[in-house]
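Participant: Sequence unavailable; structure follows:
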């Protein structure tokens, strides 16, 4: 006979039985939509107020304390929303961000308030009183339109995004002007609206989408929809090839604080017009079909056009204003002999022009007592941070300088100078 198994005193033998008749519901995590819904309850809203402005370094301690009195899932949702609100403040302003609701994609992809307000004001000035906002996301553009007094139908097909947009309209007191609808935008009848705004998804599983026909929905569908409305605006990527712009559209590139934010195709306005709009302001450069500026030798001043001007291919219009030319036919730096303040370009006084060489630059900066160096590049493979480490291994003096790594008439060149005052 086999030896008897030893018995362990005090240990209970437990038989685990597995159920095969369905999921164990109380162990399933809530869906993102259900989790978001808990934030709209009185308990959820009170918890959001409590975790407002939580330092990320203290989240674990705060979560541990709150889970003693609230469901763990609700605490996680509230802290996650607090993080999103902190991130969203840069786009929406702290006051609105603290009242609004967000998703990670919503924060990333939504329109900056200043840009949305510019577009809404333009539509208002064109006499528009109602807009179908297709692919509306969490409602950033719809909010700006409603604040301009325009009635909005906001459409998106994602249930969570729709719920967030509806909550935002309510939180900002705009639910009377914004109707949020969950639907496929390609199936929505927009004939009752005076204008259409389309913001197709330009990101996929692998990041940014550069082919306009790979947008969701495709640009061709958006253009077809725009042609059915008296007025339409289609948001596109700033890097869209100019040859992809329909002849019947006006193209506008928009920057905010010097950073290019988006491009928009307008239908029903001025076909064929190209413009660059700079915020705040707004200030604008309108295309006049000028030929490319002539290449000339580097003068005393160098101008770096705003990114919206460059994307819109309107460097020639700014060069004419500055009475300047290009330093190279492929480089968007304008050189001029006079200092002329302009909102469309940043100006620099050039003190030195050298052929490319790290040792030469290092010696010049040491001679000038430069301890702070700004590196800009265009048409150069040099990495600014790497160059800065090589030429300024440590602070060498009280002065500052800007170096442009670029090409002048085809030759790798370093231009050293400093920004113009004002």
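Facilitator: Yep, it's here. What you see is a predicted model, and the numbers here were worked out from it, not measured in a lab. Numbering: from 1, shown residues only.
Participant: ok, residue 217 touching residue 187?
Facilitator: No: at 10.8 Å, residue 217 and residue 187 do not qualify as touching, with contact defined as CB atoms under 8 Å. The C-beta positions use only the backbone N, C-alpha and C, and glycine is treated the same way.
Participant: So for the two, which residue has more residues nearby?
Facilitator: For residue 217 versus residue 187, the count of surrounding residues by other CB atoms under 10 Å is larger for residue 217: 18 against 8.
Participant: tell me the phi and psi of that one?
Facilitator: phi -80, psi 170 (degrees, to the nearest 10).
Participant: Find the residue at the geometric middle of the protein.
Facilitator: residue 261 (5.6 Å; CA atoms, centre = their mean).
Participant: Could you list which residues are in contact with it?
Facilitator: Neighbouring residues of residue 261 by CB atoms under 8 Å, 6 or more residues apart in numbering: 111, 112, 115, 238, 254, 255.
Participant: who wins for most neighbours among those residues?
Facilitator: Counting neighbours by other CB under 10 Å, residue 254 comes out on top of the contacts of residue 261 with 29 neighbours.
Participant: That one and residue 152, how far apart?
Facilitator: Residue 254 is 20 Å from residue 152, where distance means CB to CB, to the nearest Å.
Participant: Tell me the secondary structure at residue 180.
Facilitator: Here residue 180 takes the strand state, with states given by DSSP: H, G, I helix; E, B strand; the rest coil.
Participant: Quick one: low-confidence residue ranges for the stretch 301-422 of the chain.
Facilitator: 395, 422 (pLDDT under 70).
Participant: hang on, the earlier thing: the residue nearest to the centre of the chain and residue 291: what is the separation?
Facilitator: On the measure of CB to CB, residue 261 and residue 291 end up 29 Å apart.
Participant: would you list every one of the helices in the stretch 101-250 of the chain?
Facilitator: Ranges of helices in the stretch 101-250 of the chain, per DSSP state H, counting those that start in this stretch, are 104-109, 113-125, 140-147, 159-171, 219-226.
Participant: among these, which is nearest residue 354?
Facilitator: Across the helices of the stretch 101-250 of the chain, residue 354 has its closest neighbour in helix 113-125 (39.5 Å, CB to CB).
Participant: List the buried residues in the closest one.
Facilitator: Within helix 113-125, the residues scored as buried using 16 or more other CB atoms under 10 Å are 113, 114, 115, 116, 117, 118, 119, 120, 122, 123, 124.
Participant: Distance to residue 363 and pLDDT added to those residues, as JSON lines?
Facilitator: Shown next, in JSON lines, are the buried residues of helix 113-125 (distance: CB to CB, whole Å; pLDDT from 0 to 100):
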{"residue": "113", "distance to residue 363": "48", "pLDDT": "96"}
{"residue": "114", "distance to residue 363": "44", "pLDDT": "96"}
{"residue": "115", "distance to residue 363": "45", "pLDDT": "97"}
{"residue": "116", "distance to residue 363": "50", "pLDDT": "97"}
{"residue": "117", "distance to residue 363": "50", "pLDDT": "97"}
{"residue": "118", "distance to residue 363": "47", "pLDDT": "97"}
{"residue": "119", "distance to residue 363": "50", "pLDDT": "97"}
{"residue": "120", "distance to residue 363": "54", "pLDDT": "98"}
{"residue": "122", "distance to residue 363": "52", "pLDDT": "97"}
{"residue": "123", "distance to residue 363": "57", "pLDDT": "97"}
{"residue": "124", "distance to residue 363": "58", "pLDDT": "98"}
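Participant: which helix in the chain runs the most residues?
Facilitator: helix 72-92 (DSSP state H).
Participant: Summarise which helices and strands the helix or strand just after that helix is packed against.
Facilitator: Toward the C-terminus, helix 72-92 is succeeded by helix 94-97 as the next helix or strand (DSSP states H and E). Secondary-structure packing of helix 94-97 (3 or more CB pairs under 8 Å, 6 or more residues apart in numbering; DSSP states H and E): helix 72-92.
Participant: what's in contact with the longest helix of the chain?
Facilitator: Here helix 72-92 makes contact (CB under 8 Å, 6+ apart) with 29-30, 35-36, 38-39, 43-44, 47-48, 50-54, 56, 59, 62-63, 66-67, 97-98, 100-104, 106-107, 110-113, 140.
Participant: Out of the helices of the stretch 101-250 of the chain, which one sits most buried?
Facilitator: Ranked by mean neighbour count, the helices of the stretch 101-250 of the chain are led by helix 140-147 with a mean of 26 (mean count of other CB atoms under 10 Å).
Participant: Give me the packing partners of that helix, helices and strands only.
Facilitator: Applying 3+ CB pairs under 8 Å, 6+ apart, we find helix 140-147 packed against helix 113-125, strand 130-134, strand 151-156, helix 159-171, strand 178-182.
Participant: Show residues contacting the fourth one.
Facilitator: Contact partners of helix 159-171, identified using CB under 8 Å, 6+ apart, comprise 32-33, 36-37, 40, 99-103, 105-106, 136-139, 142-143, 146, 154, 156, 175, 177-178, 180-182.
Participant: likewise the third one?
Facilitator: By CB under 8 Å, 6+ apart, the residues outside strand 151-156 that reach it are 129-137, 139, 142, 145-146, 162, 165, 169, 177-183, 185, 188, 190, 193.
Participant: Contacts only, for the residue lying closest to residue 109 once chain neighbours are set aside.
Facilitator: Leaving aside its chain neighbours, residue 109 sits nearest to residue 137 (6.2 Å; criterion: CB to CB, 6 or more residues apart in numbering). Residue 137 makes contacts with 105, 106, 109, 110, 156, 161, 165, 199, as judged by CB under 8 Å, 6+ apart.
Participant: OK, contacts around the closest residue to residue 177 other than its chain neighbours?
Facilitator: Nearest residue to residue 177, sequence neighbours excluded (CB to CB, 6+ apart): residue 146, at 4.0 Å. Under the criterion of CB under 8 Å, 6+ apart, the neighbours of residue 146 are 152, 169, 174, 177, 178.
Participant: The last one reaches residue 143, doesn't it?
Facilitator: Going back to what we said before, that points to residue 178. Yes: taking contacts as CB under 8 Å, residue 178 lies within contact range of residue 143: 7.5 Å.
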